[in-house]
Each structure stands twice: as C-alpha cells, then as structure tokens.
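*Asks:* Any chance you could fold what I've pasted below:
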Amino acid sequence: MLGFDTSPDVSWAGPPAAPLPESVLIPTSGSTGSPKFVRLCESGLAANAAQIIAGTRMGEGDRALVHLPLYFSYGLSVLTSHLLAGASVVLSTVSATRPQFAEQLAEYSITCLPSVPFSLEMYRRTRLFTRDLPDLRSVTTSGGPVPPGLITEIAPLLQARGIGFWAMYGQTEASGRISVLPPEEFRSAIGSVGYPLPGVRVWIQEPDTNGVGEVHVSGPGNMLGYATSRADLGATDQPLADLDTGDAGRLDAGGRLWLTGRRKRIAKIYGARVSLDDVEAQLAEHGVRAAVADGDGITVFTETDSVSARDLERAMGFPARSIRVLNIQAVPRTPSGKIDYGRLTELAGG
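*Replies:* Below is the predicted model of the structure:
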C-alpha cells in the first residue's frame, strides 16, 4: 500500500543520488507492442500526482468519477491526484453506455469526469452532455488523440454549460501524465496536448524542417525501467533521465506540444512512407475506424459495409489496389480503451 508524502517535490534536477525500488508495476503493451510491466517508484507517482494538481488547478472541493481501470496509468493518476489534493473520488464500474452512468454523475455531485477518446464517443452517442449535470465542472481526456469531428460536436455543449475541457497527454512510463492544455486555450489550439506539467521537461529530438521529431521527456515521474520476467523485479534503479516516448511531435512557439502520431505507425505504399495515424484522421469522415500496414498497402477497418476502397484511394491520392477494406462489427480495443492494433494486424493477415 502506498503512503504518499503530502507535499512531494515536483522539481527535477536529474536522477536522485540513491537508486530507488519499484513500488508499483503497471502492465503495458501499448496498442502494438509486446506485453511487459512498467516499474514505477512511490516518489515518482506522488510527484506526478502533485504536478497534475498544479497543472489542472485541482482543489479540495473536486470530486472525480473513477470509472477507468486502476491498472491503467491514467485511471490510477486520477485516484492519486484527487486523494493528494484532499478531494474525493467515486469508484464506479458502470459502463458509459448505461443510463446509470449519467445518474451517478448527478447523484454523487461529480465535478470532474475523466475520459479517453472512446468514452468521449460514448458520451456523444448517449447525449450525456445534454443532461442536467449541475455540479460537473471539468472533463479531462487522455489516452490518445480525439477525432476533430468529435471535438467540434461536443465543444459547444460543454462551453454552453460552463464545463472546462482539459486535453492531456501521458504515458505509463512517466507515471501518468506529461502535459495539459487548459480549457481557455482549447478552442484556439484544437489538437494540441498542451504545456508540460510543472517539473516536467519535454523536448523534440532530431526535428525535421517542420520541427517534428522524437518526443522525449524528463521528470521525477519517469519509470525505473521495464520488467518482462521475475528476474527484473526487486532491483533498485534511478528514474530515466531521458524517456523516449515513441511518439512524434513538435513544440510551437508558445511551448505547447502537438503530437503527429506514433513513430512506428508507418506503412509503405509502393515504397512511399505513409503515417497510418494521418490515414485514420483523413479517412474518419468516410467511416474508417482504424488502419494497419499490409504488405505494399494498408488495410482499413470500418463498422459499415458502405465504404468503397477506390473512393478511399481517391480521397488519399493513393494508387489503385493500395487500400483493402474490412468490415467488422466493432473495432477491438485494449482494456484501457485504445485501439488494439495487434489484433487488427492479425485480422488483416487472416
């Protein structure tokens, strides 16, 4: 059981002099990689919780609905940050698709609703933000990019009710969250994941002419390392001074971070490199829900049978027979709500 320091040091001047033991193991495979555990230390988790409090202006009067799994770093960080702030939480296992979800928001006077892109889509479908939720003051999102069309649809509903929308970026390897975009900048910087949290440094390594490169992070919440077997447990290590997130992105002149996709999410269309994240974003309005590399082309997945491969190729400017369309009942997802690209790759190969 963790016993957090109530005033942890959120500053970061490099790894501590003495190595630290792991206190928490969180499973991760991302959505494309091999399963492993992230080794996190207690001081790092406490520091990240304090950084979140400072970055989101959280206070004792807040109450969060913790409906995301606690083995998901985002869900765990919602719990730790609210408890450290002296706020309160309500633990829930009710699905966002059920009527009881909205009922508990009102019944327990929830002020903060944590979300991932998939749950935001469920809120849209169930018209959650048209209901009477007088205590709800903020909606936070992390765990992946939010489709621009979804943002455009829900933003006016939130604004009309005075509900702030906090776009965030985080990784399990950084103890939870890395950056946050405050609500007052949301409409003017749609797509940005905001500013690094206090005590977190973000930089772009090997940027191209547009400033896009590898996103790297340093901070007290950085992991001690991975564990893939029992032999990796019990060691004392220092938090990584340089965490390579695996993401590509850029920093604008104001210091806000903009992500452009996972660096490994690349396909080749007859020799030309194409970002699969870009393909998904551009074809979302055509009904495409996900895309994976498939030989010299790509396979896209839809939940409707009315999508034409040739129409998609024309929309992207791709050569004929470079896109294959598979219609599935529902896009598979990981327990944290992210698209399960490993499973989709298996389906494409089958």
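*Asks:* mind showing which ranges of this structure have poor pLDDT?
*Replies:* Applying pLDDT under 70 to the chain flags the ranges 1-19, 29-35, 270-273, 350.
*Asks:* after the longest strand anywhere in the chain, next one along is what?
*Replies:* Ranked by residue count under DSSP state E, the longest strand found in the chain is strand 243-251. Note on strand 243-251: by DSSP states H and E, the next helix or strand toward the C-terminus is strand 257-262.
*Asks:* I'd like to know which elements that following strand is packed against.
*Replies:* Under the contact criterion of 3 or more Cβ pairs under 8 Å, 6 or more residues apart in numbering; DSSP states H and E, strand 257-262 touches strand 192-196, strand 243-251, helix 276-283. (Glycine included, C-beta is placed from N, CA and C.)
*Asks:* What lies in contact with that strand?
*Replies:* Strand 257-262 is contacted from outside by 30, 32, 145, 169, 179, 191-196, 202, 212, 215, 246-252, 275-278, using Cβ atoms under 8 Å, 6 or more residues apart in numbering.
*Asks:* With stretch 141-150 instead?
*Replies:* Here stretch 141-150 has contacts from 72, 74, 114-117, 120-121, 124, 165-170, 177, 190-191, 259, 277, 281, 284-285, 336-339, using Cβ under 8 Å, 6+ apart.
*Asks:* So which of those sit within strands?
*Replies:* P114, S115, F165, W166, A167, M168, Y169, L259.
*Asks:* what's the spacing between the closest residue to the last one other than its chain neighbours and G211?
*Replies:* When the adjacent residues along the chain are set aside, L259 lies closest to G249, with 4.2 Å between them (Cβ to Cβ, 6 or more residues apart in numbering). Spatial separation of G249 from G211 under the definition Cβ to Cβ, to the nearest Å is 9 Å.
*Asks:* more neighbours, the two?
*Replies:* Comparing G249 with G211 by other Cβ atoms under 10 Å, the one with more neighbours is G249, at 22 against 13.
*Asks:* The more buried one pairs with what?
*Replies:* Applying DSSP bridges to G249 yields these beta-bridge partners: G213, L259.
*Asks:* That one: what's it in contact with?
*Replies:* By Cβ under 8 Å, 6+ apart, the contact list for G249 reads I204, V212, G213, V215, L257, W258, L259, T260.
*Asks:* Now tabulate the residues you listed in TSV and tack on neighbour count and distance to H82.
*Replies:* What follows is the contacts of G249, written out as TSV (neighbours: other Cβ atoms under 10 Å; distance: Cβ to Cβ, whole Å):
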residue	neighbour count	distance to H82
I204	17	32
V212	18	35
G213	18	35
V215	28	27
L257	23	24
W258	18	28
L259	20	26
T260	19	32
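*Asks:* Closest one of those to G59?
*Replies:* L257 (25.4 Å; Cβ to Cβ).
*Asks:* For PyMOL, what selects the buried ones among the ones in strands among the contacts of stretch 141-150?
*Replies:* The PyMOL selection below is limited to those of the ones in strands among the contacts of stretch 141-150 classed as buried (16 or more other Cβ atoms under 10 Å):
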select buried, resi 114+115+165+166+167+168+169+259
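*Asks:* Tell me if I'm right that L84 and A47 touch.
*Replies:* No: using Cβ atoms under 8 Å, L84 makes no contact with A47, being 10.1 Å away.
*Asks:* the more surrounded of the two?
*Replies:* A47 (28 against 21).
*Asks:* where do the strands sit along the stretch 201-350 of the chain?
*Replies:* For the stretch 201-350 of the chain, the strands defined by DSSP state E, counting those that start in this stretch cover 201-205, 213-218, 225-227, 236-237, 243-251, 257-262, 266-269, 272-275, 288-294, 297-302, 323-327.
*Asks:* contacting residues for R263?
*Replies:* R263 sits next to E214, G246, D247, A248 when contact means Cβ under 8 Å, 6+ apart.
*Asks:* now do 6 Å
*Replies:* Taking Cβ atoms under 6 Å, 6 or more residues apart in numbering as the criterion, R263 is in contact with G246, A248.
*Asks:* tell me the secondary structure for the residue nearest the centre of the chain?
*Replies:* Residue closest to the mean C-alpha point of the chain, counted by Cα atoms, centre = their mean, is G143 at 1.6 Å. Here G143 is recorded as coil under DSSP: H, G, I helix; E, B strand; the rest coil.
*Asks:* For it, give its distance to A241.
*Replies:* According to Cβ to Cβ, G143 and A241 sit 25 Å apart.
*Asks:* now S188
*Replies:* Remark: distance between S188 and A241 (Cβ to Cβ) = 34 Å.
*Asks:* burial measure for the closest residue to T334 other than its chain neighbours, as a count.
*Replies:* Excluding its sequence neighbours, the residue lying closest to T334 (Cβ to Cβ, 6+ apart) is D340, at 5.1 Å. The local packing of D340 (other Cβ under 10 Å) involves 18 other residues.
*Asks:* when you give positions from now on, start the count at 48
*Replies:* Understood, numbering begins at 48; the last thing we discussed is D387.
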